[in-house]
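[1] got a predicted model here, sequence first, then my questions.
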Amino acid sequence: MKATLRYFSKNRIQGRYVVELSIHEVAESRKYPDGIKYGLICRDLGTGDYVLMDNHHPKGPHVHVNDTEFTYDYVSDDQLIEDFKMLVLKELGLKL
């Protein structure tokens, strides 16, 4: 199965932050058991700080906040985006 784009958004906010959200539907497999491949990032161009949520193989769903990394439980696209917005607000002080 070819990847099918489910959601995409890329913006520059306040001339300082780059925010890109990409969610694709893919074939369910050992690498992507949910049939979803995603990457959501917000980077502060001034400080280099960032929040990144992705689910690449072999790590599965996880979050990066600068040099810190922790696992993430994917539930749905909507919850993923909401969790991302909350993390960006908490870690970078930016309301999306």
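    Arrived safely.

[2] what residues does stretch 41-60 touch?
    Residues outside stretch 41-60 that contact it (C-beta atoms under 8 Å, 6 or more residues apart in numbering): 16-21, 31-32, 34, 36-40, 61-66, 71-72, 74, 80, 83-84, 87-88, 91-92, 94, 96. In short, each C-beta sits where N, CA and C put it, glycine included.

[3] quickly note the distance from the residue nearest the centre of the chain to residue 15.
    Centre of the chain computed as the mean C-alpha position; nearest residue by C-alpha atoms, centre = their mean is residue 40, 2.2 Å away. Distance from residue 40 to residue 15, counting by C-beta to C-beta, to the nearest Å: 21 Å.

[4] next one: residue 4
    For residue 4, the distance to residue 15 (C-beta to C-beta) stands at 33 Å.

[5] more neighbours, these two?
    Neighbours per residue (other C-beta atoms under 10 Å) separate residue 4 from residue 15, with residue 4 holding more: 10 against 7.

[6] got the contact list for the more buried one?
    By C-beta under 8 Å, 6+ apart, the residues touching residue 4 are 24-26.

[7] save these as TSV, and put in secondary structure, distance to residue 10 and neighbour count too.
    Below are the contacts of residue 4 laid out as TSV (DSSP: H, G, I helix; E, B strand; the rest coil; distance: C-beta to C-beta, whole Å; neighbours: other C-beta atoms under 10 Å):
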residue	secondary structure	distance to residue 10	neighbour count
24	strand	15	17
25	strand	19	18
26	coil	20	17
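
[8] before I go, just wanted to say thanks for your time.
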